[in-house]
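Chemist: Fold the following.
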Amino acid sequence: MPEKVSDYVLRRLREWEVEHVFGYPGDGINGLLAAWERAGNEPRFVQSRHEETAAFEAVGYAKFSGRLGVCTATSGPGAIHLLNGLYDAKLDHVPVVAILGQTARSAMGGSYQQEVDLHSLFKDVASEFLETVTVPEQLPNVLDRAIRTAYGRRAPTAVIIPADVQDLEYEAPGHEFKMVPSSLGSSGWQAEPSEGALDHAAEVLNAGRKVAILVGQGARGARAEVEQVAGTLQAGVAKALLGLDVLPDTLPYVTGSIGLLGTRPSYELMRDCDTLLTIGSSMPYSQFLPPYGKARAVQIDLDPHMVGMRYPYEVNLVGDAKTTLKKLLPRLRQNDEGIEWHEELMASVDRWKEVMRRRAEVSADPVNPEYVAHCLDPLLPDDAILTADSGSATNWYARHVTMRGTMRGSLSGTLATMGCGVPYAIGAKFAHPGRPVIALVGDGAMQMNGMAELITLAKYRMTWDDPRLVVGIWNNRDLNQVTWEMRAMSGSPQFVPSQSLPDVSYAAFARSLGMTGIRVEKPGDVQSAWREALASEGPAVVEFMTDPSVPPIPPHADWDQIEATAASILRGDSDRKAMVKQGIKAKVQEFLPGGRPHPSERSRKAEKRGESDPASAPREPDSGA
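Modeler: Have a look, this model is predicted:
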């Protein structure tokens, strides 16, 4: 039987060592689906419940495997649905190829059913490479370039194949004019900056006494080198959310996450440093970086398009993080004058861990959401993979999970889209079938995409060597992150018609699918529920009935800001008394013995109020703690 275009596409994917394609069927890709049957389902077609989640699964697969993610969808509505997941790949710099169906060539331009101008639709999200195959000879070049570009530019690309072209007999490009042959493969490559730029960067870093390092996902392959630089410069290391797994939190100088969802030590690290080294991060919130003019700064990034932003860097080193740091290290001198600074940082980290413990143990109605993450942390296997969705649960992931061992973690860092947590986990499980995967998700994200993908999880649960995939859900009947953003950023009370969610029993839904389902309504049952879920012989869903009044307090919030937020709440919020109470109870944990704020912060507040240092006065423990 002659090889068709659709057969060739799957063969070429196999030759590129693609093992999984995430998608949803439709008549615009019927030719490809028939080819999949002829090919014995190689590469494996993984059926999602929706094209958006298929794209998320491809992103999750790529993030956790380091390999190409591939997704596919039919023409018109199917292709449209892919867009959100592909934008997630674009903004987080993840290699994904989308293979799209299209109306037959003979119908194009005729307002045919499901005809959409896919080139116009995808020209932004797949701006690095987007092409329509109209004759067989365009292959293999188009597909090869899409794959090489996705890898090389760390971006989504798209190949559109009209329905009738899929069924044409494949013909290779000939040795003649207007034919473009192609070949497989692409060698690895490493960029490195010039010697002069490295010398300049070393001069800046060696002059520093209070050095801060910020790492993002671009530093993931340079763990050993980052540790060496931090040790030489006596630096503290803060982590952008996409880089939480770059360094283990068990290192005493790692201050944790940075930004609105960050830690107090990371905030203090940036506030008080005199030198900044940013490695593989483009964290957008510049207000959490050192005040302008206070610190000299050096940036390392592989992408010249991404350097020089966010902060007035004195030196921008364009290069691979590992290669650049190896070149930089011999130029760095031991910072003996930074030892005291280093010790203060480590003490600040210890104080913050105690504050987090105290906050987690504050009473709430019915369960404190911080306590849920706090109880999970010590139970996590050292090789666990974590995915976090977008919402208030992201705060608890960022602040309470201790990265250690070979643990991995990721989320939608730049697009910050809801609905990715469970699909990411499914993609991660196909990438690493022998490792436990845990998705941390809010009830809003579950109702958006998560519940449907529990069906996908049930469908493939017998596929993996290690069957453990746990979905942990914070059920607070509220779109909680947006609710708190309204209160803190605009001084607006909760708008109940937009924020209130129905109470769905996610555990019961999981049980209806034949999976373990656990619903927790009391603090005393939190730890045992996590233990049961993690020990399940298959996927498990555990939902916690949490208090929406517990605030995700930013790391830089002081008493004046707490009071201002409380005042706005009291103007008319539906649950105002509980929120003020929980906010004060959470914030006061920083002032209890063992959880006091940084001395410089205490003295500044005391000076502002015309008082003595508040830490010098004895304090009684909060009865609600």
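
Chemist: which residue ranges form the strands in the stretch 251-400 of the chain?
Modeler: Residue ranges of the strands in the stretch 251-400 of the chain, as given by DSSP state E, counting those that start in this stretch, are 254-257, 275-279, 296-301, 315-318, 385-388.

Chemist: Could you export those strands as TSV, including distance to Thr132 and mean neighbour count?
Modeler: (Each C-beta comes from the backbone N, C-alpha and C, glycine too.) Below are the strands of the stretch 251-400 of the chain laid out as TSV (distance: least, Cβ to Cβ, whole Å; neighbours: other Cβ atoms under 10 Å):
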stretch	distance to Thr132	mean neighbour count
strand 254-257	42	27
strand 275-279	39	27
strand 296-301	33	25
strand 315-318	34	22
strand 385-388	34	29
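
Chemist: between the ones you listed, which gets nearest to Pro95?
Modeler: Closest to Pro95 of the strands of the stretch 251-400 of the chain is strand 296-301 (Cβ to Cβ; 17.1 Å).

Chemist: Relative to Ala416, which of the strands of the stretch 251-400 of the chain is closest?
Modeler: Checking the strands of the stretch 251-400 of the chain against Ala416 by Cβ to Cβ gives strand 385-388 as the closest, at 10.7 Å.

Chemist: hang on, the earlier thing: redo the strands of the stretch 251-400 of the chain as CSV? Include mean pLDDT.
Modeler: Putting the strands of the stretch 251-400 of the chain into CSV (pLDDT from 0 to 100) gives the following:
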stretch, mean pLDDT
strand 254-257, 97
strand 275-279, 98
strand 296-301, 98
strand 315-318, 97
strand 385-388, 98
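
Chemist: among those, which is nearest Lys63?
Modeler: Of all these, strand 385-388 sits nearest to Lys63, with 8.9 Å by Cβ to Cβ.

Chemist: CA atoms only for that closest one, dumped as PDB, please.
Modeler: C-alpha atoms of strand 385-388 as PDB (Å, rounded to 0.1, in the frame of the first residue of the first chain):
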ATOM      1  CA  ILE A 385       6.800  15.800  40.700                       C
ATOM      2  CA  LEU A 386       4.400  18.600  41.700                       C
ATOM      3  CA  THR A 387       2.200  20.700  39.500                       C
ATOM      4  CA  ALA A 388       0.400  23.800  40.800                       C
END
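
Chemist: and it, what does it pack onto?
Modeler: helix 392-400, strand 408-411, helix 421-431, strand 437-442 (3 or more Cβ pairs under 8 Å, 6 or more residues apart in numbering; DSSP states H and E).

Chemist: Name the strands paired with the shortest one and say parallel or antiparallel.
Modeler: Using DSSP bridges, the strands paired with strand 408-411 in its sheet are strand 385-388 (parallel).

Chemist: and if you look at the last one?
Modeler: Looking at strand 437-442 with DSSP bridges, its paired strands and their directions are strand 385-388 (parallel), strand 469-475 (parallel).

Chemist: These into CSV, with extra columns for distance to Glu171?
Modeler: Converted to CSV, these look like this (distance: least, Cβ to Cβ, whole Å):
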stretch, distance to Glu171
strand 385-388, 43
strand 469-475, 44
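
Chemist: Dump the strands of the stretch 251-400 of the chain to a markdown table, plus distance to Gly514.
Modeler: A markdown table is the format used below for the strands of the stretch 251-400 of the chain (distance: least, Cβ to Cβ, whole Å):
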| stretch | distance to Gly514 |
| --- | --- |
| strand 254-257 | 36 |
| strand 275-279 | 45 |
| strand 296-301 | 47 |
| strand 315-318 | 52 |
| strand 385-388 | 22 |
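
Chemist: To Glu361, which of those strands lies closest?
Modeler: strand 254-257 (19.1 Å).

Chemist: that older thread, looking at the strands paired with strand 437-442, which is closest to Glu543?
Modeler: Closest among these, using Cβ to Cβ: strand 469-475, at 4.1 Å.

Chemist: pLDDT score assigned to the residue nearest the centre of the chain?
Modeler: Per Cα atoms, centre = their mean, the C-alpha nearest to the average position across the chain is that of Leu411, at 1.9 Å. As predicted, Leu411 sits at a pLDDT of 98.

Chemist: and what of the one 3 residues further on?
Modeler: The confidence metric pLDDT takes the value 96 at Thr414.

Chemist: Please renumber the chain so that the first residue is 31 from this point on.
Modeler: Done: numbering now begins at 31, and the last item shifts to Thr444.

Chemist: Ala119 is in contact with that one, correct?
Modeler: No - with contact taken as Cβ atoms under 8 Å, Thr444 and Ala119 are classed as non-touching, separated by 10.3 Å.

Chemist: the more surrounded of these two?
Modeler: Between Thr444 and Ala119, counted using other Cβ atoms under 10 Å, Ala119 has the larger neighbour count: 30 against 16.

Chemist: in what helix or strand does that one lie?
Modeler: Element membership of Ala119 [criterion: DSSP states H and E] is helix 107-121.

Chemist: Give me the residues contacting stretch 60-78.
Modeler: Stretch 60-78 is contacted from outside by 34-37, 39-41, 43-44, 48-55, 84, 87, 100, 102, 129, 131, 191, 193, 196-197, 453, 456, 460, 483, 486, 489-490, using Cβ atoms under 8 Å, 6 or more residues apart in numbering.

Chemist: returning to that earlier point: how about the strands of the stretch 281-430 of the chain, which one is nearest Asn236?
Modeler: Closest approach to Asn236 among these is made by strand 305-309 (9.2 Å; Cβ to Cβ).

Chemist: how big is the angle separating the closest one from strand 326-331?
Modeler: Orientation of strand 305-309 against strand 326-331 (axes from the mean of the first three to the mean of the last three Cα atoms, to 10 degrees) gives an angle of 10 degrees.

Chemist: could you dump strand 305-309 to PDB, C-alpha only?
Modeler: Extracted in PDB, the C-alpha atoms of strand 305-309 (Å, rounded to 0.1, in the frame of the first residue of the first chain):
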ATOM      1  CA  THR A 305      24.800  43.300  44.300                       C
ATOM      2  CA  LEU A 306      22.400  41.100  42.300                       C
ATOM      3  CA  LEU A 307      23.100  38.200  40.000                       C
ATOM      4  CA  THR A 308      20.100  37.000  38.000                       C
ATOM      5  CA  ILE A 309      20.400  33.600  36.300                       C
END
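
Chemist: Give me the sheet partners of that strand and which way each runs.
Modeler: Here, using DSSP bridges, strand 305-309 pairs with strand 241-245 (parallel), strand 326-331 (parallel).

Chemist: now it: how far from the chain's centre is it?
Modeler: For strand 305-309, the distance from its own C-alpha centre to the chain's C-alpha centre is 21 Å (Cα atoms, centre = their mean, to the nearest Å).

Chemist: got it, and stretch 103-121?
Modeler: Here the centre of stretch 103-121 is set off from its chain's centre by 18 Å, with Cα atoms, centre = their mean.

Chemist: circling back: which one, of the strands paired with strand 305-309, ends up nearest to Glu367?
Modeler: Comparing the strands paired with strand 305-309 by Cβ to Cβ, strand 241-245 comes nearest, at 10.5 Å.

Chemist: Tell me the first helix or strand C-terminal of the closest one.
Modeler: Heading C-terminal from strand 241-245, the first helix or strand you meet, by DSSP H and E, is helix 253-263.

Chemist: can I assume Leu130 sits in a strand?
Modeler: Yes - judged by DSSP: H, G, I helix; E, B strand; the rest coil, Leu130 forms part of a strand.
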